[in-house]
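Chemist: below are the sequence and a predicted model for it; my questions follow.
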Amino acid sequence: MSEGFLIGPWMMRWHSFLLVLGIVIGALLAAFEAKRRGHNPGIIYYLFLPLMIWGTVGARLWHILTPPLSSVQLGLTTWHYLTHPLDALSFWIGGFGIPGAIFGGLLALLIFARHHELPFWDLTDLLAPGLALAQAIGRLGNYFNQELYGLPSNLPWAIFIQPANRLAGYESIEFYHPLFAYEAGLNLANMALLLWLSHKFINRLKPGSLFLAYLAVYSVIRFSLEFLRLDGALAGGININQLFFALLLVCAAIGLYLRHAPRAARKL
């Protein structure tokens with residue numbers, strides 16, 4: 001399987017290409033949504049670079065602090081990164097974590113919104129559908145890296161994993177759940193739901209509600225798929241990512257409740 005293609009003397013890896021492509025197409029969708037909802041689409045283009053930089057840094061830090069089992073088996077532990085800082089800066093070694101990307105992106109957005117005196121929650125709503133789309137496209141890159149596959153499977157759509165990319169203890173098993181494809185499809189469904197909500201209930205949604213809906217749905221997706229994942233990030237036997245998304249779901253649900261529940265119900 002080809003890992004990438006040449007652009008002049010440089011090798012562009014499919015995984016990196018699809019990540020960048022997803023971000024660009026997601027930004028275009030966000031700009032379209034901004035224009036449709038009466039905002040200046042130029043805001044999205046101003047946000048593009050800081051969100052990409054801070055999101056990437058946050059995603060890398062999350063991976064370093066909570067490396068999955070597949071990285072640990074290669075010796076890429078948190079201690080390794082702390083004692084080999086050049087490896088921490090070498091983004092092609094190891095990987096990234098979406099929880100960190102969410103944290104980093106939100107921090108960049110908050111700083112941008114305060115600096116330019118823009119409504120933070122309105123900006124999150126504009127970005128939410130594009131974010132789900134970007135994640136769907138970016139996840140397809142895991143296919144070319146032979147990563148983010150699930151438990152062994154004999155289903156018709158199970159994918160073959162090369163021996164070199166199989167986890168310890170699974171060397172003799174050839175076919176697995178295409179976990180990355182499940183997540184990509186569910187992210188597309190999340191995008192469709194968010195676009196439908198933004199069209200159908202545009203006059204009833206509170207600022208930030210669309211983004212909280214994105215967080216809630218994505219948390220359900222990730223929490224559920226972690227049950228199929230072989231190389232979860234474990235600490236004391238606890239799946240860190242699964243715990244994070246369970247807590248994020250609770251926070252998003254509370255935020256939606258406080259925004260939309262009748263006042264009388266909120267006082268109970």
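Modeler: Received it, and whenever you're ready, just let me know what you need.
Chemist: okay, CA-based contacts and neighbour counts for the rest of this
Modeler: OK.
Chemist: phi and psi next, for the spatially most central residue of the chain.
Modeler: With distances taken as CA atoms, centre = their mean, Ile98 lies nearest the centre of the chain, 4.0 Å away. Torsion angles at Ile98 (phi, psi; degrees, to the nearest 10) stand at phi -60, psi -40.
Chemist: how about Phe48?
Modeler: Listed backbone geometry of Phe48 is phi -50, psi -50, with angles given as degrees, to the nearest 10.
Chemist: now for it, how many residues are close by?
Modeler: In terms of burial, Phe48 registers 14 neighbours under the definition other CA atoms under 10 Å.
Chemist: just checking, it touches Leu28?
Modeler: No - between Phe48 and Leu28 there is no contact under CA atoms under 8 Å: 10.1 Å.
Chemist: distance of the nearest residue to the residue nearest to the centre of the chain once chain neighbours are set aside relative to Tyr170?
Modeler: Here the nearest residue to Ile98 in space, its sequence neighbours aside, is Ala59; by CA to CA, 6 or more residues apart in numbering that works out to 5.7 Å. As defined by CA to CA, to the nearest Å, Ala59 lies at a distance of 28 Å from Tyr170.
Chemist: repeat that for Phe244.
Modeler: With distances taken as CA to CA, Phe244 is found 27 Å from Tyr170.
Chemist: give me the more crowded residue out of Ala59 and Tyr170.
Modeler: A side-by-side neighbour count of Ala59 and Tyr170, using other CA under 10 Å, places Ala59 first with 22 against 13.
Chemist: flag every buried residue along the helix or strand hosting the more buried one.
Modeler: Ala59 is part of helix 42-65, with elements assigned from DSSP states H and E. Across helix 42-65, burial judged by 16 or more other CA atoms under 10 Å covers 44, 47, 50-52, 54-65.
Chemist: and if you look at stretch 228-239?
Modeler: For stretch 228-239, the neighbour count (16+ other CA under 10 Å) marks Leu228, Arg229, Leu230, Asp231, Gly232, Ala233, Asn239 as buried.
Chemist: so of those residues, which ones are in helices?
Modeler: When DSSP state H defines the helices, the subset of the buried residues of stretch 228-239 inside them is empty.
Chemist: going along the chain, name the strands of this protein.
Modeler: 4-7, 10-13, 159-160, 175-176, 234-235, 238-239 (DSSP state E).
Chemist: picking that back up, just name the closest of the buried residues of stretch 228-239 to Glu147, please.
Modeler: Relative to Glu147, the closest of the buried residues of stretch 228-239 is Asp231; by CA to CA it sits at 9.4 Å.
Chemist: pull the number of nearby residues for the nearest residue to the closest one once chain neighbours are set aside.
Modeler: Using CA to CA, 6+ apart and skipping residues adjacent in sequence, the residue nearest Asp231 is Leu69, 4.5 Å away. Counted with other CA under 10 Å, the burial measure for Leu69 works out to 18 neighbours.
Chemist: not counting residues beside it along the chain, what's closest to Pro178?
Modeler: Beyond its immediate neighbours in the sequence, the residue positioned closest to Pro178 (CA to CA, 6+ apart) is Tyr149, lying 5.0 Å away.
Chemist: who are the contact partners of the one you found?
Modeler: Residues counted as contacts of Tyr149 (CA atoms under 8 Å, 6 or more residues apart in numbering) are Tyr176, His177, Pro178, Leu179, Phe180, Arg229, Leu230.
Chemist: by neighbours, which of these wins?
Modeler: Neighbours here mean other CA under 10 Å. Within the contacts of Tyr149, the largest count is held by Pro178, at 25 neighbours.
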